[in-house]
Structures are given as structure tokens and as C-alpha cells.
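Colleague: below is the sequence, then the predicted model.
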Amino acid sequence: MRILSGIKPTGELTLGNYLGALKNFKAFEKQGECFIFIADLHALTLPIEPKVLKENSKSLAAFYLASGLDPKKTTLFLQSDVSAHSELNAILQNYLYMGELSRMTQFKDKAKSMKDSAIGLGLFAYPVLMSADILLYDADVVPVGEDQVQHIELTRDLVNRFNKRYGKVLVMPKANINKVSKRIMSLSDPTKKMSKSDPKGDIYLKDNPDVIRKKIMSAVTDSGNEIKYDEVNKPGISNLLVIYAAIKGIDIPASEKHFQGYRYGDFKKEIADTVINELKPFMERYQEIMKSDLVNQVLLDGAKRANKIANITLKRVKRAVGLFDEK
Ligand code: AMP
Ligand code: TRP
């Protein structure tokens with residue numbers, strides 16, 4: 001089995017990224033061959049300073065390593081180090097259509113506050129490059145948070161469309177979502193997803209313990225006093241129950257049961273302790289890795305391995321569509 005996933009190096013990683021994506025990758029190392037990458041080309045779809053992009057990319061590689069991924073087993077690489085992503089993107093863009101791309105929720109969300117004249121083609125065509133990322137490695141499984149499922153469904157439509165025309169060329173991928181942590185919500189507005197751009201509602205992995213505690217203690221809840229999972233009427237409490245369950249590796253009913261009879265204040269205090277205890281050793285490993293030369297070595301080696309596999313698929317696709325290939 002092949003497993004592939006990526007994260008954009010666009011900002012500070014949040015607890016949502018950690019629980020919805022990063023923390024889940026390690027478990028896949030035992031199940032198959034893993035390819036985990038830094039989606040730096042995707043990071044260019046919205047304005048970003050070159051220096052920031054570069055720093056974020058290194059930092060994300062260190063986060064991958066701190067999460068326990070073994071670079072001997074998992075191929076860790078930078079998307080832009082493998083030119084086949086851009087080449088396959090150029091081919092696949094002819095098999096995805098304007099109508100379906102304009103229906104993507106992520107695109108609509110990002111574009112709604114922008115003038116048409118400022119929306120880059122790359123933002124619109126984001127799922128084309130994402131399809132290339134997935135299909136180049138013949139990935140069977142793509143672990144992601146819920147917000148990415150629509151993109152993977154589009155990739156699946158593309159595979160059907162392409163294979164119907166050219167034969168069995170592309171491998172059909174499937175999204176894998178962690179049922180508990182698929183959607184971590186903002187602490188300041190628990191009806192909204194925790195994303196990288198809301199300092200009050202986000203917990204950043206780099207936040208120090210005092211900041212984390214403060215944010216959790218002031219998380220929006222409700223005026224009741226019952227600790228119960230109810231997404232509609234108690235979204236704030238539900239989100240904290242989810243965070244606890246995701247960290248402890250238990251289901252939501254078990255999390256609810258654990259906090260039965262707690263008062264909101266004590267409940268929040270224990271959630272804060274749990275998050276801080278989870279992130280502390282992780283961040284210590286991260287700091288150590290950032291001080292070393294490991295990231296550069298790992299990415300260099302990862303690029304070699306990724307290029308090898310990606311080029312095989314690219315060749316297969318080029319032949320299938322009739323691009324001249326003398327080798
Ligand atoms: P991104 O930061 O958009 O590149 O997201 C990287 C990964 O984190 C993707 O698999 C997302 O689905 C996941 N993710 C981002 N935010 C959240 C969230 N609030 N809850 C769960 N997963 C998330
Ligand atoms: N689109 C993903 C996100 O924003 C990042 C990503 C890019 C990705 N290419 C991918 C995830 C391929 C999984 C597979 O979260």
C-alpha cells in the first residue's frame with residue numbers, strides 16, 4: 001500500500017494541523033510505503049514572502065521529523081524538488097474543468113474576500129496540482145482532515161475520466177480521515193474551523209505553555225454547566241471534548257464519560273494540561289532537530305527517492321496521452 005500526504009508551509013502550524021493530519025501519519029509507516037511532503041508550490045497560491053516560505057518549509061520538515069516519522073522508512077520531501085509535480089500538473093489540467101473547480105469550497109472560501117483581478121490561476125487550479133501530487137506516487141490512501149476530502153473526491157473523478165479514455169494508467173486514491181479529529185474548531189468561534197489565520201482562536205504548536213493555557217481557559221463555551229457532546233447546541237464544549245479524545249486516542253463518548261460531573265473551569269484546566277503535556281516533548285524534539293543539520297540531509301535524500309518514483313509515473317502518463325518519449 002502507498003500512503004501520501006502533504007501540508008502547506010503557509011503559516012504557523014495549528015493544533016488542527018497536528019491532530020487532523022500530522023499526528024496520524026506515523027501510524028501509517030507500519031501499513032505501507034509513506035510519502036509525506038511539504039506543499040511549497042501550493043503555498044504560492046496566496047501571497048507569501050520568500051523568506052517566510054523558506055523558513056516555514058524547513059520548520060515543517062522538522063515538525064514531520066518531531067512527529068516521529070522515520071526518514072528511512074518514509075520519504076520526506078519538498079514538492080518543488082520533484083519537477084514531475086509541475087509536469088503532471090500541466091497534463092492533468094486538461095482533464096479537470098472550470099465548472100467543477102469553481103465549486104470547490106476551499107476556493108470559494110479563499111476567493112470570497114478577494115477581487116477577481118487578485119485571484120491567481122494557481123489558487124483556482126489548486127486541486128489540479130494536488131491531484132498530480134497524489135497520482136504521481138500511485139497513492140492508495142491519503143490521510144487528511146475533512147476539509148481536503150472534496151479535493152480528493154475530485155481527484156477520484158479525474159482518475160475515472162482519465163482511465164476511461166486511456167486505460168488503467170492512474171491508481172484510484174482514497175481519503176483517510178481520522179473520525180475523531182477530522183475537524184478541530186476555533187477556540188474563539190467554535191462554529192468555524194481552526195485555520196492558520198486567527199491568533200485568538202488558534203493554538204499554534206509554537207505557542208508557549210502559558211499562552212496555550214490562556215487560550216484554552218478563555219475558549220468560548222456556553223452558559224450551561226453540562227459537559228456533553230452536542231455540536232449544534234454546545235460547539236465549544238464539543239470541540240474541547242474532541243481535542244481531549246484525539247490526544248488520548250479515545251473516542252468521544254469515552255472523553256465525555258471522563259469529564260462527567262466536572263465544572264467548566266476544571267474541565268478547561270485539564271484540557272489545557274493535556275494539550276501542554278502532549279506538545280511539550282514534541283516541541284522539544286522539534287527544537288533539537290531545528291538546531292541540527294538533519295532537515296537538509298533528509299530532504300536531499302527524500303528528493304532523490306521521490307524523483308525516482310514520480311518519474312516512472314510521469315513517463316507512463318506521457319506515453320498514455322501520446323507525448324513523444326524517445327527513451
Ligand atoms: P493545510 O494547513 O491547509 O496545508 O492543512 C494541512 C492538513 O491539516 C490537511 O490534511 C488539513 O485537512 C488538516 N487540517 C487543517 N486544519 C484542520 C482542522 N482545523 N482540523 C482538522 N484538520 C485540519
Ligand atoms: N491541500 C492540502 C491542504 O491544504 C495540502 C496538500 C497538497 C495535500 N497536496 C496534497 C494533501 C496531496 C494531501 C495530498 O491541506
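Modeller: Yep, that arrived. Ligands and ions are numbered 1, 2, ... in the order given.

Colleague: skipping adjacent residues, who's closest to the residue in the stretch 1-150 of the chain that ligand 1 sits nearest to in space?
Modeller: Here the stretch 1-150 of the chain gets closest to ligand 1 at one residue, residue 20, 2.0 Å apart by CB to the nearest ligand atom. C-beta here means a position set from N, CA and C on the backbone, and glycine is covered the same way. Excluding its sequence neighbours, the residue lying closest to residue 20 (CB to CB, 6 or more residues apart in numbering) is residue 145, at 3.4 Å.

Colleague: residues in contact with that neighbour?
Modeller: 16, 17, 20, 21, 177, 178, 181, 182, 183, 184 (CB atoms under 8 Å, 6 or more residues apart in numbering).

Colleague: return the per-residue confidence for it.
Modeller: Here the pLDDT value assigned to residue 145 is 94.

Colleague: one more: residue 84?
Modeller: 98.

Colleague: neighbours of it, just the number please.
Modeller: By other CB atoms under 10 Å, 20 other residues sit near residue 84.

Colleague: if I look at it, how far off is residue 90?
Modeller: Distance of residue 84 to residue 90, computed by CB to CB, to the nearest Å: 10 Å.

Colleague: quick one: the helices in the stretch 151-300 of the chain?
Modeller: If DSSP state H, counting those that start in this stretch is used as the criterion, the helices of the stretch 151-300 of the chain fall at 209-217, 235-248, 252-258, 264-291, 294-321.

Colleague: does ligand 2 have contacts with the last one?
Modeller: Translated: helix 294-321. No - under the criterion of CB under 6 Å from any ligand atom, helix 294-321 makes no contact with ligand 2; the nearest approach is 12.8 Å.

Colleague: just how off-centre is that helix within its chain?
Modeller: Relative to its chain's centre, helix 294-321 lies at 20 Å (CA atoms, centre = their mean, to the nearest Å).

Colleague: from what I see, the residue of the stretch 1-150 of the chain closest to ligand 1 and residue 180 are in contact.
Modeller: No - if you go by CB atoms under 8 Å, residue 20 and residue 180 don't touch, sitting 9.7 Å apart.

Colleague: between those two, which one's more packed in?
Modeller: Legend: neighbour count by other CB under 10 Å for residue 20 and residue 180, higher for residue 20 (27 against 22).

Colleague: looks to me like the more buried one is in a helix.
Modeller: Yes - with DSSP: H, G, I helix; E, B strand; the rest coil as the criterion, residue 20 is assigned to a helix.

Colleague: any idea how far it lies from residue 237?
Modeller: From residue 20 to residue 237 the distance is 19 Å (CB to CB).

Colleague: cool, residue 157 as well?
Modeller: Counting by CB to CB, the gap from residue 157 to residue 237 is 38 Å.

Colleague: if you count what's nearby, which of the two comes out ahead?
Modeller: A count of neighbours by other CB under 10 Å puts residue 237 above the other of residue 157 and residue 237, at 26 against 14.

Colleague: next, the distance between the ends of stretch 106-116.
Modeller: 16 Å (CA to CA, to the nearest Å).

Colleague: no, scratch that, I was asking about stretch 14-23
Modeller: Using CA to CA, the two ends of stretch 14-23 sit 12 Å apart.

Colleague: ok, residues contacting it?
Modeller: Here stretch 14-23 has contacts from 5, 7, 13, 63-64, 67, 143-146, 178, 181-184, 193-196, 202-205, 243, 246-247, 275, 279, using CB under 8 Å, 6+ apart.

Colleague: buried residues in that stretch?
Modeller: 14, 15, 16, 17, 18, 19, 20, 21, 22, 23 (16 or more other CB atoms under 10 Å).

Colleague: show me what contacts residue 311?
Modeller: residue 84.

Colleague: if I look at it, how far off is residue 269?
Modeller: 53 Å.

Colleague: let's have the helices of the stretch 151-300 of the chain in TSV, adding mean pLDDT.
Modeller: Compiled in TSV, the helices of the stretch 151-300 of the chain are given as follows (pLDDT from 0 to 100):
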stretch	mean pLDDT
helix 209-217	97
helix 235-248	98
helix 252-258	98
helix 264-291	97
helix 294-321	98
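
Colleague: wait, which of the ones you listed is closest to residue 130?
Modeller: helix 294-321 (14.5 Å; CB to CB).

Colleague: can you mark which positions in the closest one are buried?
Modeller: 295, 298-299, 302-303, 305-307, 309-310, 313-314, 317, 320.

Colleague: what residues does the chain put near ligand 1?
Modeller: 7-8, 16-17, 20-21, 144-145, 147-148, 181-184, 193-194, 196.
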